[in-house]
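# Generate a structure from the sequence data that follows.
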Amino acid sequence: MGGKVFRNGGCIMEQTLLQPEIMYRYRDASRAIGDLIATETQTDRAAAGILRIICVFLDWSFSAAWVARGNGDLLERIVSHGDTPPGVGESAAPALERLFEEVCSRKTPIWTPGLPGSRMSGCAFPIIAGNRLLGVMAFWSPRNRPYDPEALSMMSELGSHLSLLIKMNQTESTFQETRKLLADALEHKQKLLDAFMRSFLGTTPQLSGVEIASFYHPADRSDQIGGDYFDFIEISPERIGIAIGDVCGKGLPAGVYTAMAKYMLRTYAMAGEDPASTLTRLNDAICRQMASEGTFLSLFYGILNLAEASFAYANAGHPLPALFTPESESCRRLRVTGGVLGVMEGIAYGGHVVHLSPGSTLALFTDGVIEAAGNLDPFYDGGVSNVLRLHHRFGAKAVTRAIFEHARGQSRGNLRDDIAIVVIRRDPGEPQLFLH
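Numbering: from 1, shown residues only. As a prediction, this is how the structure comes out:
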């Protein structure tokens with residue numbers, strides 16, 4: 001590869017330019033990592049797979065990933081790929097140590113064409129989420145590789161997938177604990193069911209300027225796991241992902257697929273794409289993973305933008321949410337933008353954006369609310385729209401409870417399906433929204 005001369009700290013290095021062949025390799029590596037993330041739920045195995053893919057496609061001999069502990073000063077190796085770097089002796093080890101320290105201190109990628117005491121060259125870059133240092137990825141080669149800023153930038157982008165896996169480690173741990181409980185189902189059935197259902201339900205965020213309330217109620221006289229769930233995903237300080245969905249069926253299979261769909265959506269949502277693109281990718285992944293089981297999922301996914309007071313959404317065959325605006329004293333439906341997930345691969349979902357004016361209240365719910373009324377339209381005959389008109393001024397929690405009580409009344413106290421509800425209400429006196 002040809003290039004131009006780059007001077008760094010008194011050392012003259014050749015700054016190479018990316019050739020088409022190398023670009024193709026980066027493209028193929030990115031695709032391979034995307035497929036890996038969509039199918040691998042174990043953090044350590046997925047991280048090892050990312051290291052292996054980058055080494056194989058981009059011709060590195062050894063790689064390793066470290067996770068920062070405490071305040072970020074301590075690094076703990078979690079996975080590595082390849083043989084121990086040749087030529088790492090007493091003189092090279094301090095250089096490697098300084099390389100890691102510099103990456104952690106500067107939080108920027110570093111490329112070294114040759115380590116003292118060896119013929120190795122390598123690069124290292126931080127794994128960052130927001131402003132938080134989560135760890136470091138490093139790659140070495142036994143030969144002298146010239147400095148290549150474009151390659152280093154692309155490798156950093158490929159490695160950024162690891163930040164999602166590290167952040168998912170805690171949720172994956174919870175999921176594994178739940179699976180362990182399933183093995184003891186005969187002895188601890190009811191306790192297991194309660195714990196498993198709680199693992200589907202995200203922690204409701206506490207925001208300034210907007211109130212979010214959530215509610216879940218299992219079907220009456222049911223000892224089976226349902227497929228209803230909701231989740232909240234902090235994509236960035238100003239953008240909160242909000243999902244509510246329902247996997248068809250009941251029992252253990254529905255519970256397992258609900259968990260799979262939840263964690264796959266979290267992975268895609270953290271990429272920061274719009275809801276329509278996120279559901280398009282999720283549908284393809286569900287079709288690949290669940291097609292043989294004949295399982296499908298209705299899902300409503302939106303992103304609350306706190307800076308713009310807007311809500312972008314995509315609706316995959318889910319019951320229509322209700323948006324109440326106080327200035328018009330009326331409700332509107334957030335319509336379906338595509339079919340249910342998991343039926344056909346390659347579907348492109350649409351999306352819409354609505355503005356949340358002060359005092360606006362948005363109600364999301366699963367089909368248990370509709371079925372409680374005998375499959376009648378919940379927006380008419382004193383349904384959800386009437387509940388919003390009567391209770392919106394009392395806050396999101398009051399609206400959530402009122403919707404549930406209305407559904408229970410419609411069913412004459414015999415709820416045959418699970419009910420999940422999420423209500424979002426913008427404070428009437430807040431001109432702007434922001435996170436605590």
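# what sits against L36?
A46, G49, I50, I53 (Cβ atoms under 8 Å, 6 or more residues apart in numbering). Any C-beta I mention is one placed from the backbone N, CA and C, and that applies to glycine too.
# Show only the entries of the residues you listed found in helices.
Applying DSSP state H to the contacts of L36, the entries found in helices are A46, G49, I50, I53.
# can you pick the most crowded of those residues?
In terms of neighbours by other Cβ atoms under 10 Å, the ones in helices among the contacts of L36 top out with I50 at 26 neighbours.
# so that one sits right up against L162, yeah?
Yes: between I50 and L162 there is a contact under Cβ atoms under 8 Å: 5.8 Å.
# what touches both of those two?
Counting by Cβ under 8 Å, 6+ apart, the common neighbours of I50 and L162 are A65.
# Throw the ones in helices among the contacts of L36 into JSON lines and include pLDDT and distance to S121, thanks.
Shown next, in JSON lines, are the ones in helices among the contacts of L36 (pLDDT from 0 to 100; distance: Cβ to Cβ, whole Å):
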{"residue": "A46", "pLDDT": "79", "distance to S121": "27"}
{"residue": "G49", "pLDDT": "88", "distance to S121": "24"}
{"residue": "I50", "pLDDT": "87", "distance to S121": "21"}
{"residue": "I53", "pLDDT": "90", "distance to S121": "20"}
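# residue boundaries of the helices in the stretch 151-300 of the chain?
161-167, 169-183, 189-200, 251-269, 275-290 (DSSP state H, counting those that start in this stretch).
# The second one - what's its average pLDDT?
I take that to be helix 169-183. The average of the pLDDT scores along helix 169-183 is 55.
# And the last one, by the same measure?
For helix 275-290, mean pLDDT is 90.
# Most widely separated two among the contacts of L36?
Across the contacts of L36, no pair lies farther apart than A46 and I53, at 10.5 Å, counting by Cβ to Cβ.
# show me where pLDDT drops low in the stretch 101-250 of the chain?
Counting by pLDDT under 70, the stretch 101-250 of the chain has low-confidence residues at 114-119, 130, 164-200, 219-226, 249-250.
# If we use 80, what do you get?
Scanning the stretch 101-250 of the chain for pLDDT under 80 picks out the ranges 101, 113-120, 129-132, 134, 143-144, 148, 150-151, 158-202, 218-227, 248-250.
# all strands for it, in order.
Along the stretch 101-250 of the chain, counting by DSSP state E, counting those that start in this stretch, strands occupy 110-112, 121-129, 132-141, 207-208, 210-217, 228-236, 239-247.
# Nearest to A259 among the ones you listed would be which one?
Comparing the strands of the stretch 101-250 of the chain by Cβ to Cβ, strand 228-236 comes nearest, at 8.5 Å.
# CA-only coordinates of that closest one in CSV, if you can.
Written as CSV, here are the backbone C-alpha positions of strand 228-236 (Å, rounded to 0.1, in the frame of the first residue of the first chain):
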residue,chain,number,x,y,z
ASP,A,228,-46.3,-9.7,27.9
TYR,A,229,-43.4,-7.4,28.7
PHE,A,230,-42.2,-3.8,28.7
ASP,A,231,-38.7,-2.4,28.9
PHE,A,232,-36.8,1.0,29.1
ILE,A,233,-33.5,1.5,27.4
GLU,A,234,-31.2,4.5,28.1
ILE,A,235,-29.7,5.0,24.6
SER,A,236,-28.1,8.3,25.6
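# Just the angle for it relative to strand 239-247, thanks.
Angle, strand 228-236 to strand 239-247, by axes from the mean of the first three to the mean of the last three Cα atoms, to 10 degrees: 160 degrees.
# any residues touching strand 228-236, and which ones?
Defining contact as Cβ under 8 Å, 6+ apart, one finds that strand 228-236 is touched by 130, 200-205, 212, 214, 216, 240-246, 258, 262, 265-266, 269-270, 272, 303, 364, 366, 368, 418-420, 422.
# How far away from the center of its chain is it?
8 Å (Cα atoms, centre = their mean, to the nearest Å).
# got it, and stretch 313-323?
19 Å.
# Kindly check the end-to-end length of it for me.
Taking Cα to Cα, to the nearest Å, stretch 313-323 runs 13 Å from one end to the other.
# Next: stretch 388-406.
Taking Cα to Cα, stretch 388-406 runs 11 Å from one end to the other.
# likewise stretch 286-298?
Start-to-end, stretch 286-298 (Cα to Cα) is 12 Å.
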